[in-house]
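S.K.: A predicted structure for the sequence below; I have some questions about it.
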Amino acid sequence: MDEQTKLKKILLVEDDNALASVYETRLQAEGFDLKRVPNGEDALAAATQYKPDLILLDVMMPKVSGFDVLDIIRNTPEVAQVKIIMLTALSQDADRERAESLGVDDYLVKSQVVISDVVDRIKQRLEM
């Protein structure tokens with residue numbers, strides 16, 4: 001398979017099952033290869049094994065927060081270049097600034113976006 005036909009891989013890190021399944025269904029329908037993990041700890045392992053093109057990352061999760069995942073990934077050479085979009089309930093500027101200082105590519109607030117916005121942003125980041 002050449003690079004054009006290879007499915008873009010997305011790692012979805014979301015602990016809310018209902019929300020995750022909505023995203024899973026939509027992203028697969030859009031033609032992405034999707035892997036979902038429910039927490040930050042699993043996200044770190046999956047990032048190095050699955051080698052996603054983009055990580056859709058929740059912030060508030062059990063065990064390891066999205067901020068910690070972002071920080072660790074940005075400091076792990078083999079996955080440091082992965083595009084990361086945070087999708088979060090946190091709408092405070094301080095949270096956005098923290099994510100940006102850690103190297104997030106995009107920061108979307110769940111209450112301010114619909115799924116099609118997220119899909120558009122993913123495609124923009126992956127230059128599709």
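M.R.: Arrived safely.
S.K.: what is the burial count for Asp117?
M.R.: 11 (other Cβ atoms under 10 Å). C-beta coordinates here come from the backbone N, C-alpha and C atoms, glycine included.
S.K.: what mean pLDDT does the helix ranked longest in the chain have?
M.R.: Longest helix in the chain, counting residues (DSSP state H): helix 17-29. On average, the pLDDT along helix 17-29 is 95.
S.K.: tell me the helices and strands packed up against it.
M.R.: Where contact means 3 or more Cβ pairs under 8 Å, 6 or more residues apart in numbering; DSSP states H and E, helix 17-29 is packed against strand 9-13, strand 33-37, helix 115-125.
S.K.: right, so those: which one is the most enclosed?
M.R.: Among those, strand 9-13 has the highest mean neighbour count (mean count of other Cβ atoms under 10 Å), at a mean of 24.
S.K.: from Glu127, how far off is Glu78?
M.R.: Distance of Glu78 to Glu127, computed by Cβ to Cβ, to the nearest Å: 21 Å.
S.K.: which of these two has more residues huddled nearby?
M.R.: Under the criterion of other Cβ under 10 Å, the comparison of Glu78 against Glu127 puts Glu78 first, with 10 against 7.
S.K.: chain neighbours aside, what residue packs nearest to the more buried one?
M.R.: Thr48 (6.2 Å; Cβ to Cβ, 6 or more residues apart in numbering).
S.K.: surely that neighbour is in a helix?
M.R.: Yes: assessed with DSSP: H, G, I helix; E, B strand; the rest coil, Thr48 lies in a helix.
S.K.: Ala80 is in contact with that one, correct?
M.R.: No: the pair Thr48 and Ala80 does not pass the contact test of Cβ atoms under 8 Å, sitting 11.0 Å apart.
S.K.: with that, I have no additional questions.
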